[in-house]
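Trainee: Sequence plus the predicted model coming up.
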Amino acid sequence: MSKHPIVLFDSGVGGTSILKEIIHLLPHENIVYLADSKNAPYGLRTRQDIINLSIKNTELAIQMEAKMIIVACNTASTNAISFLRSHYTLPFIGIEPAIKPAALNSKAKRIGVLATKGTLSSELFKQTSESFTKGINVIEVIGEGIVEAVEGGWTDDKTFVDNLNQQIQPFIKEDIDYLVLGCTHFPYIIPLLKELLPKHVTIIDSGRAVARQTKAVLEEQHLKNTEDSFGHINIYTNTVNSSHLRELMKDFKNVNITQKDF
């Protein structure tokens, strides 16, 4: 069982930001990544649609003999992971916006959350936010067009940059000191956000925390791969053009990318 793969899924390429952190921390694990670009973005879909897509991806992961499933999508985690955990016996790791560390470390007591509509409107996000942000002013912004730009590889397009600059103005106006990224696609625009936001704003995402939690659960359940060799990384995308995925993963040599209908 320990040699079986960890399977991650996301609505496209965004979850590769999580995948990279897991590869760095757990280099001997065999990993499968399911890039459901065909149905991206999940953040604009109904809750039932998100649950159905998550079931589809979970069933495929089980066919691939997954020992653990990482829901590498904030929208799917906040809307579907409770259902998945109640219907399947595999361990699931979910992704939540890193509101707790932002709230605990904010000196201004003003933090921003940039996320998809599906995440911000979910009950789990509401509960998490209410648990950790007493006395904190939380400025929420729906990131529109960001997932599509990351999927398409055109985050340097001037029109996109101008639109993003307009979207983050509430953060600047309220003078936040922490910005929480609530979508796995969004770490790919961190360099751009650093250019647009004041220098004192700290940007945080969930990638490293998810990798650490993955390691902890593997060790707790005795599922960690004890092999000394580097693991196999297989990425499946259900769109024909995989060139952008290859560009995102170019620093990793043991990655195989395949087009698959799912």
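Mentor: Looks like it arrived, so ask away. Numbers count the residues shown, from 1 in each chain.
Trainee: show me where the stretch 1-150 of the chain has helices.
Mentor: All helices of the stretch 1-150 of the chain, identified by DSSP state H, counting those that start in this stretch, fall at 16-25, 47-63, 74-87, 99-105, 117-120, 123-132, 146-152.
Trainee: Tabulate the ones you listed (JSON lines), appending mean pLDDT, distance to Phe160 and mean neighbour count.
Mentor: Placement of C-beta: from N, CA and C, glycine included. Listed next are the helices of the stretch 1-150 of the chain as JSON lines, based on pLDDT from 0 to 100; distance: least, CB to CB, whole Å; neighbours: other CB atoms under 10 Å:
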{"stretch": "helix 16-25", "mean pLDDT": "97", "distance to Phe160": "18", "mean neighbour count": "22"}
{"stretch": "helix 47-63", "mean pLDDT": "98", "distance to Phe160": "25", "mean neighbour count": "18"}
{"stretch": "helix 74-87", "mean pLDDT": "96", "distance to Phe160": "20", "mean neighbour count": "23"}
{"stretch": "helix 99-105", "mean pLDDT": "96", "distance to Phe160": "25", "mean neighbour count": "18"}
{"stretch": "helix 117-120", "mean pLDDT": "94", "distance to Phe160": "18", "mean neighbour count": "23"}
{"stretch": "helix 123-132", "mean pLDDT": "92", "distance to Phe160": "25", "mean neighbour count": "15"}
{"stretch": "helix 146-152", "mean pLDDT": "94", "distance to Phe160": "5", "mean neighbour count": "22"}
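Trainee: Let me know which of these is the nearest to Arg246.
Mentor: helix 16-25 (10.8 Å; CB to CB).
Trainee: contacting residues around that closest one?
Mentor: 6, 8, 10, 29, 31, 33, 35, 70, 72, 95, 184-185, 187-188, 205-208, 210-212, 214-215, 231, 233, 235, 245, 248-249, 252 (CB atoms under 8 Å, 6 or more residues apart in numbering).
Trainee: Out of those residues, which sit inside strands?
Mentor: Among the contacts of helix 16-25, the ones falling in strands (DSSP state E) are Ile6, Leu8, Asp10, Ile31, Tyr33, Ala35, Ile70, Ile233, Ile235.
Trainee: What is the burial count for the residue nearest to Val255 when sequence neighbours are not counted?
Mentor: In space, and not counting its chain neighbours, Val255 is closest to Ile233: 4.5 Å by CB to CB, 6 or more residues apart in numbering. Ile233 has 22 neighbours, counted by other CB atoms under 10 Å.
Trainee: Which strand residues bridge Ile233?
Mentor: Beta-bridge pairing for Ile233 (DSSP bridges): Ile31, Val255.
Trainee: residue contacts, it?
Mentor: Contacts of Ile233 by CB under 8 Å, 6+ apart are Leu19, Ile23, Asn30, Ile31, Tyr33, Phe252, Asn254, Val255, Asn256.
Trainee: let's go with 10 Å and repeat that
Mentor: With contact taken as CB atoms under 10 Å, 6 or more residues apart in numbering, Ile233 is in contact with 5, 19, 22-23, 27, 29-33, 249, 252-257.
Trainee: Much appreciated, bye for now.
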